[in-house]
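[1] need a 3D model of the sequence below.
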Amino acid sequence: MEDVVLRPFRPDDAPWLVEQHGTLYARDEGFDSSFAPLVAQILDDFIADHDLTREQGWIAEQAGKRLGSIFCVSLDRNTAKLRLFLLMPQARGLGLGKRLLSTCTGFARAAGYREMALWTHESHKAACALYRANGWQLTDSKPVHSFGVDLIEQSWEIQL
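    A predicted model of the protein is given here:
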């Protein structure tokens, strides 16, 4: 994975991100068709109105092929939110997730945020293990019915 580049997100990455989120979450989690439009709305909002000094998105790319993404967006003056963390199946387990997470939290720290938050599902065991191993704390866990399936929704935070 040494030849993988983390480059800034570009608006032309949005269709790929929407498609991959929709496809992978439907296949792996059983999510219904309501999930991809949520991803599209998150990206539309980011493209339309983000502060480059406090918000950023990255695409992991190898030889022109996209392998993953991660975003840092502002929740408030002191809190950043991690969003759209995705790794393609062929890129999992190779350290790329740790690299993306480190890049995102490093950016948040440098941008002056005091903490970061994220929302995920308990079923994302590898991601949750990565968060825990990197100092994130689970702050809430509750059963929900979202995207057509029963899930355990989780909130995580880290002090920067």
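
[2] in the chain, which residue sits furthest out from the middle?
    Residue farthest from the centre of the chain, counting by Cα atoms, centre = their mean, is residue 63 at 21.9 Å.

[3] spell out the secondary structure type for the residue nearest to that one when sequence neighbours are not counted.
    Spatial nearest neighbour of residue 63, excluding adjacent residues (Cβ to Cβ, 6 or more residues apart in numbering): residue 3 at 7.3 Å. Placement of C-beta: from N, CA and C, glycine included. Assigned state for residue 3: coil (three-state reduction, DSSP: H, G, I helix; E, B strand; the rest coil).

[4] tell me the average confidence for the helix or strand hosting residue 73?
    Element membership of residue 73 [criterion: DSSP states H and E] is strand 65-74. For strand 65-74, the mean per-residue pLDDT is 97.

[5] for that strand, which strands pair with it and how are they oriented?
    With DSSP bridges as the test, strand 65-74 is paired with strand 56-62 (antiparallel), strand 79-87 (antiparallel).

[6] mind putting the ones you listed into a markdown table with mean neighbour count?
    Below are the strands paired with strand 65-74 laid out as a markdown table (neighbours: other Cβ atoms under 10 Å):
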| stretch | mean neighbour count |
| --- | --- |
| strand 56-62 | 21 |
| strand 79-87 | 20 |
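
[7] right, I'll leave it there.
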